[in-house]
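Q: no sequence on this one, just coordinates:
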C-alpha cells in the first residue's frame, strides 16, 4: 500500500480513537455514577451503572451513544425526561410526569436517534436510547444525574 495512504489511515484511526475517548469522557462527566466496564463490544467502550435506584449501561458505537437503564423509579424517569424537554413524546399528553404507566417514544428524523421511556405499573421505569448524538446523550445523562443526586 502507498506510504501516504498508510499515513492517512493511521491519522484517521488516531483521530477516530481520540473522538471516541472524548465521547466517553463527556458521558462520564454528565453522569459521574457511570463506571468503565472492562468488557468491550466490538471495540466499543462500555460504561455501567449500578445504583440503588437502578442499573444500566451506556456505550459508544461509531461516535453515537446507546443508553439502556432499567429499574429506575418512575419519578426519576419522569423528571429527567421532562428536564430535557423533548418537543413531544408519542403517546404522552404533555409532560411525561402527567402521563402514567406506559411506553413513550420520540424518533428524531434529523439524527436518526430513537428515544424510548417506560413508566412501569410497578413504579419502576426504563430509559432506552439508540443512535443518539453524543450531545443528546449527554443531555439525558446530565438530567438523570441531577435527578438522582
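A: Received it, and whenever you're ready, just let me know what you need. Owing to the predicted nature of the structure, the values given are computational and were not obtained by experimental measurement.
Q: the strands in this structure, which residues?
A: Listed in chain order, the strands of the chain (DSSP state E) span 35-41, 44-51, 54-61, 64-73, 102-107, 114-119, 124-133.
Q: which residues are contacting the last one?
A: Contact with strand 124-133 is made by 54, 56, 64-74, 76-78, 80-81, 111-120, 136-137, 140, 144, as judged by C-beta atoms under 8 Å, 6 or more residues apart in numbering. C-beta coordinates here come from the backbone N, C-alpha and C atoms, glycine included.
Q: how far does that strand sit from its chain's centre?
A: Its chain's C-alpha centre and that of strand 124-133 lie 6 Å apart, by C-alpha atoms, centre = their mean, to the nearest Å.
Q: and it, which strands flank it?
A: Using DSSP bridges, the strands paired with strand 124-133 are strand 64-73 (antiparallel), strand 114-119 (antiparallel).
Q: contacts for the shortest one?
A: Outside of strand 114-119, the residues that reach it under the criterion C-beta under 8 Å, 6+ apart are 74, 77-78, 81, 86, 89, 96, 99-108, 125-132, 140.
Q: angle of it against strand 102-107?
A: If you take axes from the mean of the first three to the mean of the last three C-alpha atoms, to 10 degrees, strand 114-119 sits at 160 degrees to strand 102-107.
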